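Colleague: task: produce atomic coordinates for the following.
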Amino acid sequence: MTDTLDAAARQLDSFRHEVKAWLEANAKRRRHDTSEFKARVAATSQSRESEFEHVEKCKAWQRKIYDAGFAGIAVPVEYGGRGGSATEQRVFQQEAARYEIDTGVFSVGLAMVVPTLLACGTEEQKRKHLPAMLRGDHIWCQLFSEPGAGSDLAGLTTRAERDGDSWVVNGQKVWNSFAHVSDWGIMLARTDWDVPKHRGITYFLVDMRSPGIEVRPLRQITGVAHFNETFLTDVHIPTENVLGEVNGGWGVTQTTLMAERVLIGGGMGLGFRDFLELARHYGRTDDADVRQGLAASYTRSELLRWLGERARAAMKAGRPMGPESSVAKLAISQHVFENGNLALAIEGADAMLYEDDAFEHGFWQQQFLGQWGIRIGGGTEQVQRNILGERMLGLPPEARPDKTEPFREIPKNA
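Modeller: Numbering: from 1, shown residues only. The predicted structure is shown next:
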């Protein structure tokens, strides 16, 4: 047993050295002072040209990572991956975080669609979509939430009706990150109105260039617009684009939602050292309150790291991600809340400045304003507490007749 563990450790160490060597030869190290990354994140507006320039940079990076053999490290070789382990994937992520690499527009596809396709997709769907995602050919978005179905996602009213070899979809979705630059989307629609709401939903793979799809960007409090609302009018989706069973989409959805919570719970790209450097810049490392805030931030970071390790260990052991993903999601929500307050507390009166008048072009003000996207997206903090209370602590659920009555007969949130 000891020899086996030693061999595994040596193999992982060798892989880490391989990753480090490639990164050092191909990418610039992240700096804690002002950088291209921070300037982009700090932007309060973005032209169409600069946005598509960023998309092309992300595509180039993803293709470069793929060509080097580091895309989809834990994805089987037959689907374009490396066929490695989840631990190796984590090693690459740890090392890449130290460099100025941006593949952000692929986050939905790589972190949410890939695990869902691997768990629930047909062989044809896997072979068609997974290699293209890993190469950086296709950007994906998520078409789940609706104006009347956010936290109560199963209350969605987007309608899909069978018409021969296709489904015709009509409805509206909202909060769709990157939908305006996406090639494909994962979408939920109601296909049976005469059963309880969770049992009449079907999961679709949608070509975002299909006629009848209109995407309208939504301006956020940060000034930028990567969220969207999406209107679907008589959109035809081939039957082979159903993921899972017709009317069985809610079970597939759980795989995606748990992956989304793990993605969000994995952090926001900032580490303890970023806040420490901010305190050093303002000469506040001897301030007792700031030191307490930094210590608390470090502690939360470590807790999140170990929550992530627990989730990866469960996946490695073949156990599906369960409600513990809500622990990570709730923890990161609290983390970004406290970190946003900490950053502006360190800046003091300078925190009232904005854009180019502020330190690092207002990067820290944007972190504070952007926290609500993380705290609401993937299920609000209140929803996560309900999940934990009912599924982990065994607390009695609220009385919910809408879970058992035919959806057609219950009041709609539309």
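
Colleague: could you list the buried residues of stretch 122-138?
Modeller: If you call a residue buried by 16 or more other CB atoms under 10 Å, then stretch 122-138 has these buried ones: Gln125, Lys126, Lys128, His129, Leu130, Pro131, Ala132, Met133, Leu134, Arg135, Gly136, His138. Heads up, the C-betas are built off the backbone N, CA and C, glycines and all.

Colleague: quick one: which two of these are the most distant?
Modeller: By the measure CB to CB, those have their two most distant members at Gln125 and Gly136, which lie 18.9 Å apart.

Colleague: number of residues surrounding Gln46?
Modeller: Each residue near Gln46 was counted by other CB atoms under 10 Å, and the total is 17.

Colleague: please renumber the chain so that the first residue is 12 from this point on.
Modeller: Shifting the count to begin at 12 puts that one at Gln57.

Colleague: SS state for it?
Modeller: Following DSSP: H, G, I helix; E, B strand; the rest coil, the label given to Gln57 is coil.

Colleague: tell me the pLDDT of it.
Modeller: The predicted structure scores Gln57 at 70 on the pLDDT scale.

Colleague: which ones among the buried residues of stretch 133-149 lie within helices?
Modeller: The subset of those located in helices under the criterion DSSP state H comprises Gln136, Lys137, Lys139, His140, Leu141, Pro142, Ala143, Met144, Leu145, Arg146.

Colleague: measure the third one to Gln377 for me?
Modeller: Which is Lys139. Distance check for Lys139 against Gln377: by CB to CB, to the nearest Å, it reads 38 Å.

Colleague: likewise the first one?
Modeller: Applying CB to CB, the value for Gln136 to Gln377 is 37 Å.

Colleague: same check on the last one?
Modeller: Relative to Gln377, Arg146 is positioned 31 Å away (criterion: CB to CB).

Colleague: got the domain boundaries for this structure?
Modeller: 26-113, 153-258, 277-390 (automatic domain parsing).

Colleague: same list, the ones you listed, but as CSV with distance to Asp413 please.
Modeller: Supplementary listing: the domains of the chain in CSV, determined by distance: least, CB to CB, whole Å:
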stretch, distance to Asp413
domain 26-113, 37
domain 153-258, 6
domain 277-390, 18
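
Colleague: buried residues in the lengthiest strand in the chain?
Modeller: As far as residue count goes, and with DSSP state E defining each element, the longest strand of the chain is strand 238-249. In terms of neighbour count (16+ other CB under 10 Å), strand 238-249 has its buried residues at Phe238, Asn239, Glu240, Thr241, Leu243, Val246, Ile248.

Colleague: quickly find the element holding Cys152.
Modeller: Assignment of secondary structure by DSSP states H and E places Cys152 within strand 151-154.

Colleague: same for the host helix or strand of Thr310, what does it pack against?
Modeller: Using DSSP H and E, Thr310 sits within helix 299-327. Taking 3 or more CB pairs under 8 Å, 6 or more residues apart in numbering; DSSP states H and E as contact, the helices and strands that helix 299-327 lies on are helix 97-107, helix 260-276, helix 283-292, helix 335-358.

Colleague: which neighbouring elements make contact with the longest one?
Modeller: If I follow you right, that is helix 335-358. Counting by 3+ CB pairs under 8 Å, 6+ apart, helix 335-358 packs on helix 260-276, helix 283-292, helix 299-327, helix 374-380, helix 382-387, helix 392-398.

Colleague: what of the shortest one?
Modeller: Using 3+ CB pairs under 8 Å, 6+ apart as the contact criterion, the neighbours of helix 283-292 among helices and strands are helix 299-327, helix 335-358.

Colleague: return the distance of the last one from the chain's centre.
Modeller: On the basis of CA atoms, centre = their mean, to the nearest Å, helix 335-358 is displaced by 16 Å from the centre of the chain it belongs to.

Colleague: quick check: buried residues in it?
Modeller: Buried positions in helix 335-358, judged by neighbour count with 16+ other CB under 10 Å: 335-344, 346-348, 350-351, 353-355, 357-358.

Colleague: pLDDT of it, averaged?
Modeller: 89.

Colleague: which residues of the stretch 62-211 of the chain fall in helices?
Modeller: 97-107, 118-119, 125-131, 134-146 (DSSP state H, counting those that start in this stretch).

Colleague: next, format these as a markdown table and append distance to Thr415 and mean pLDDT.
Modeller: Converted to a markdown table, the helices of the stretch 62-211 of the chain look like this (distance: least, CB to CB, whole Å; pLDDT from 0 to 100):
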| stretch | distance to Thr415 | mean pLDDT |
| --- | --- | --- |
| helix 97-107 | 38 | 89 |
| helix 118-119 | 32 | 94 |
| helix 125-131 | 25 | 96 |
| helix 134-146 | 32 | 97 |
